[in-house]
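Colleague: Let's see this in three dimensions:
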Amino acid sequence: MNVIFGIIATVLTIYSLLCFFRIILTWIPEMSYSKAAQFLAGICDPYMNIFRGIKWLRMGSFDFSPALGLCLLGAFSSLFKMLSNGGMISIGMIIAMGIQIISSIISSLLTFIIIVFAVRLLVILMNRNNYNPSNFMLNQLDSSISPLVYRIAKTFTAGRNLTYKTALIISIVSLVAANIIFTFISNILINIVANLPV
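Modeller: Predicted structure coming up:
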């Protein structure tokens with residue numbers, strides 16, 4: 001039985017890597033319609049489409065549903081790997097795994113948002129003129145993220161008027177701090193729950 005669990009864990013790990021490559025290829029327009037992308041779409045899209053309708057995983061034009069799909073694959077792969085090594089499953093471990101999945105999704109979302117904000121801030125710092133009406137991509141990005149940027153920043157500045165650059169800096173710092181605190185608390189909670197008696 002341990003061998004079967006080991007094979008399932010390996011298959012899930014390989015499948016999650018294929019899904020990851022599929023996601024990356026969708027971000028590169030030139031590669032989206034290549035034969036490799038079409039092959040991966042045929043294998044990965046039926047699974048990834050299960051999560052696409054979840055509304056709370058969408059933020060403007062960004063879709064975070066693939067993060068949930070990858071986290072579940074990773075969790076099940078870990079579960080089967082533990083079973084293949086002769087590990088015992090307890091209710092505490094199942095609850096801990098659920099907390100870990102939710103924690104991974106939230107941490108991934110925060111990390112992605114931090115990266116997007118940081119890239120936008122770098123573009124502003126590299127270009128003295130932070131608004132260019134001819135740059136369609138930046139305008140689209142700004143229309144997607146600016147409401148969130150200002151909402152986060154005004155939480156810490158008592159509603160004062162801020163420049164976009166200042167709001168980005170405040171948002172990045174506060175999201176990095178929130179991610180660190182959230183990860184720390186989640187890890188403590190996971191360790192407590194996982195070590196509960198059977």
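
Colleague: how about the strands of the chain, start to end?
Modeller: 58-59, 62-63 (DSSP state E).

Colleague: any weak-confidence spans in this structure?
Modeller: The chain contains residues with pLDDT under 70 at 29, 59-62, 87-88, 128-136, 197-198.

Colleague: do that again at 50, thanks
Modeller: Applying pLDDT under 50 to the chain flags residues 130.

Colleague: care to break it down by domain?
Modeller: The record's domain parsing of the chain by automatic domain parsing lists 1-73, 88-198.

Colleague: Now the terminal residues of the first one, how far apart.
Modeller: Right, domain 1-73. 20 Å (CA to CA, to the nearest Å).

Colleague: How far off centre is it?
Modeller: 12 Å (CA atoms, centre = their mean, to the nearest Å).

Colleague: The last one now?
Modeller: Using CA atoms, centre = their mean, the mean C-alpha position of domain 88-198 is found 10 Å from that of the whole chain.

Colleague: Could you identify the longest helix within the chain?
Modeller: Longest helix of the chain, by residue count under DSSP state H: helix 91-126.

Colleague: Show me what that one is packed up against.
Modeller: On a contact count with 3 or more CB pairs under 8 Å, 6 or more residues apart in numbering; DSSP states H and E, helix 91-126 meets helix 65-84, helix 136-156, helix 164-194. No exception for glycine: its C-beta is placed from N, CA and C like everyone else's.
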